[in-house]
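Colleague: When you get a sec, could you give me coordinates for this:
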Amino acid sequence: MIRIHFTADDFARVRFPARPAPLQELNTAFLRLFRPGGDLLIGRWRQRLLRSLPPAAAPLADLVPAAVAPRFLDVFGDGLEDALDGVRAARPAFVRSELERAYAHHTAPVPPWIRGLHRGDADAWQRLRAAQSAAFGTVLGPVWDVVRDLYRAEFTRHAVAVAEHGVGAALTGLVPGSRLRGGVWEWEAAGQDAPGEQDIELNGRGLLLLPTFHWTGHPLLADPPGGPLGVTYPAGTGLPPTPYGPGGPHEALAGVLGRTRLDILLLLAEQHTTGGLARRLRVSDATVSAHTAALRAAGLITTVRAGKSVLHERTALGGLLTRDGVPVRETLPAAEAVPPADSGVRGGRVRGGGTRGGARDGR
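Modeller: Residues are numbered from 1 along each chain as shown. Coordinates of the predicted model:
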């Protein structure tokens with residue numbers, strides 16, 4: 001059983017980073033790569049990567065001699081170079097203790113470069129950095145755009161779950177079979193390579209939620225000294241991501257939001273009225289009002305009143321999710337285009353999902 005004990009402060013410090021962590025996704029990809037078993041498609045993926053891994057990545061195998069990875073590799077920076085710098089910044093005493101833990105039950109001789117890493121030699125650290133960079137380029141480089149879009153879709157799903165049901169329900173929804181009782185989030189640690197019984201006291205450090213799209217096993221816990229507890233949970237389809245096909249980069253996000261809500265979010269890179277959105281999408285005002293209410297509740301758009309109309313615009317969070325993409329549906333002919341929004345906006349934000357009495361905004 002895994003039990004994570006929250007204080008009131010910890011619930012306020014549950015975070016879902018805005019972007020994926022390159023090294024953590026690489027770590028989970030390697031766990032999947034060297035984990036035995038899997039169906040035919042996993043076997044083909046594994047064979048392809050093992051054939052294509054460059055010699056520069058080989059030192060990474062020395063870091064995990066007996067399926068025990070040193071914890072100083074658990075760095076959650078959202079840029080590759082920053083994450084690599086974070087690995088290098090690990091405290092020397094922590095690096096030494098983790099290498100000793102990784103090799104505690106390994107009878108073969110320790111590779112010389114690992115001994116150098118234990119001593120803090122600059123050449124050994126450079127070798128590690130080059131190995132991680134080479135591995136990322138081969139394993140994740142071709143699919144990183146896909147990973148980022150899948151991550152945005154999962155980010156959106158979590159944001160909507162928190163907005164609609166609260167943090168507790170959002171947490172238990174991440175790990176099937178988990179439950180939150182008396183400030184303790186717990187789940188059975190079953191399956192291959194599952195950790196044993198663990199009780200983790202957060203004591204105000206907070207929690208970092210990290211979806212991964214290469215791992216399908218139990219949630220992975222990273223408990224770095226002085227930092228928040230990281231919970232990496234499987235969020236993919238069960239198959240490693242592949243480069244984009246004809247569906248394009250917004251398909252994953254559309255699967256979470258729905259096609260119409262995604263189209264609204266994309267159109268709202270510029271301000272639009274409810275009626276203007278309805279004309280662009282060829283749907284009713286009531287449909288647009290229902291969808292904008294949901295997007296507003298998730299913090300993806302804002303709405304302000306302008307006379308008898310309301311104007312919608314995407315928030316910074318909405319822009320992050322869409323990467324300022326173009327609408328999925330084709331733009332309508334010029335004769336049906338939305339006129340520029342009235343610049344004389346007055347009043348405050350609208351709380352509801354449209355105008356009182358279902359008025360036809362912007363027409």
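
Colleague: residues near residue 65, how many?
Modeller: For residue 65, the neighbour count with other C-beta atoms under 10 Å is 19. For the C-beta atoms, the positions are set from N, CA and C on the backbone; glycine is no exception.

Colleague: what's the spacing between the closest residue to it other than its chain neighbours and residue 68?
Modeller: For residue 65, ignoring the flanking residues on the chain, the nearest one in space by C-beta to C-beta, 6 or more residues apart in numbering is residue 106 at 4.3 Å. From residue 106 over to residue 68 the distance is 9 Å, taken as C-beta to C-beta, to the nearest Å.

Colleague: so residue 284 touches residue 275, yeah?
Modeller: No: the pair residue 284 / residue 275 is not scored as a contact, 10.0 Å apart, by C-beta atoms under 8 Å.

Colleague: Tell me which of the two has more neighbours.
Modeller: Neighbours were counted for residue 284 and for residue 275 using other C-beta under 10 Å; residue 275 has more, 19 against 14.

Colleague: For the spatially most central residue of the chain, give me the pLDDT.
Modeller: Centroid-nearest residue in the chain, with C-alpha atoms, centre = their mean: residue 151, separated by 3.8 Å. Listed pLDDT for residue 151 reads 93.

Colleague: go on, residue 306?
Modeller: For residue 306, pLDDT reads 85.

Colleague: can you tell me which helix in this structure is longest?
Modeller: Of all segments of type helix in the chain, defined using DSSP state H, the longest is helix 144-165.

Colleague: hmm, back to that, more neighbours, residue 106 and residue 68?
Modeller: residue 68 (15 against 11).

Colleague: quick one: what helix or strand has the more buried one in it?
Modeller: Following DSSP states H and E, one finds residue 68 outside all helices and strands.

Colleague: Could you give the separation of the lowest-mean-pLDDT helix or strand in the chain from the chain centroid?
Modeller: Every helix and strand in the chain was compared by mean pLDDT, DSSP states H and E; the lowest is helix 251-257, with a mean of 74. Relative to its chain's centre, helix 251-257 lies at 14 Å (C-alpha atoms, centre = their mean, to the nearest Å).

Colleague: Output the contacting helices and strands for that helix.
Modeller: Applying 3 or more C-beta pairs under 8 Å, 6 or more residues apart in numbering; DSSP states H and E, one finds that helix 251-257 makes contact with helix 144-165, helix 259-267.

Colleague: Just the CA atoms of stretch 274-281, as PDB, please.
Modeller: Output of stretch 274-281 as PDB, limited to C-alpha atoms (Å, rounded to 0.1, in the frame of the first residue of the first chain):
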ATOM      1  CA  THR A 274     -21.100  34.600 -28.900                       C
ATOM      2  CA  GLY A 275     -23.000  35.200 -32.100                       C
ATOM      3  CA  GLY A 276     -19.800  35.600 -34.000                       C
ATOM      4  CA  LEU A 277     -18.500  32.300 -32.800                       C
ATOM      5  CA  ALA A 278     -21.800  30.700 -33.700                       C
ATOM      6  CA  ARG A 279     -21.600  32.000 -37.200                       C
ATOM      7  CA  ARG A 280     -18.000  30.800 -37.700                       C
ATOM      8  CA  LEU A 281     -18.800  27.400 -36.400                       C
END
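
Colleague: ok now that stretch, how far from the chain's centre?
Modeller: 31 Å.

Colleague: and it, what's its mean pLDDT?
Modeller: Mean pLDDT, stretch 274-281: 89.

Colleague: I'd like to know how far the closest residue in space to residue 78 that isn't next to it in sequence sits from residue 6.
Modeller: Once flanking residues are discounted, residue 78 sits nearest to residue 19: 3.8 Å by C-beta to C-beta, 6+ apart. Relative to residue 6, residue 19 is positioned 25 Å away (C-beta to C-beta).

Colleague: and the two? which has more neighbours close in?
Modeller: A count of neighbours by other C-beta under 10 Å puts residue 6 above the other of residue 19 and residue 6, at 24 against 13.

Colleague: and the more buried one, what is it in contact with?
Modeller: 183-185, 202, 207 (C-beta atoms under 8 Å, 6 or more residues apart in numbering).

Colleague: Swap in 6 Å and give it another go.
Modeller: Residues near residue 6 by C-beta atoms under 6 Å, 6 or more residues apart in numbering: 183, 202.

Colleague: Alright, calling it a day.
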